[in-house]
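> Sequence first, predicted model second:
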Amino acid sequence: MVSTKKNIKLWLSLVLLLLMAFVIAPKPQLLEYHSAGLTTQSIYMPGWFGAEGIILDTNQRAVLAEDEQRLYLCFADQSKEQCAKYQLRQQQGFIAAAIFWASSDR
């Protein structure tokens, strides 16, 4: 009986910990952006605690300026002014990003 209560407490604690991690962790977003007539969709993963985010299909760093509705893709040593600038058309949440990732050729 005591062992069963300990197991229940352990499982509840584990579920609570996983739930808290899911709520706190940054969630991927599906971004649609365009420049010069080319429209692209990519999965954007925000950084932890103010760190820069990444686009999963490029090695460039991503700077998402939501207030400007722009996405900047930069190489390591470039300033924001030297980056490729894209117009942000649409941002979708975690579920759209998961569906896009599952349906894409990896």
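On my side now, so go ahead. Numbers count the residues shown, from 1 in each chain.

> Quickly note the distance from S3 to D67.
S3 is 55 Å from D67, where distance means Cβ to Cβ, to the nearest Å. (Each C-beta comes from the backbone N, C-alpha and C, glycine too.)

> In the top helix by length along the chain, which residues are buried?
Taking DSSP state H as the criterion, the chain has its longest helix at helix 2-24. For helix 2-24, the neighbour count (16 or more other Cβ atoms under 10 Å) marks no residue as buried.

> now do stretch 79-99
Applying 16+ other Cβ under 10 Å to stretch 79-99 flags C83, K85, Y86, L88, Q91, Q92, A96, A97 as buried.

> what are the ranges of the helices in this protein?
Using DSSP H, helices in the chain cover 2-24, 94-103.

> Of all those, which one comes closest to R61?
Nearest to R61 among these is helix 94-103; the distance by Cβ to Cβ comes to 18.7 Å.

> Show residues contacting that closest one.
K27, P28, Q29, L30, Q41, I43, L56 (Cβ atoms under 8 Å, 6 or more residues apart in numbering).

> try 7 Å this time
Under the contact criterion Cβ atoms under 7 Å, 6 or more residues apart in numbering, helix 94-103 has outside partners K27, P28, Q29, L30, Q41, I43.

> mind checking how far the most centrally placed residue in the chain is from A25?
By Cα atoms, centre = their mean, the chain has its centre lying nearest to M45, at 2.1 Å. M45 sits at a distance of 10 Å from A25 (criterion: Cβ to Cβ).
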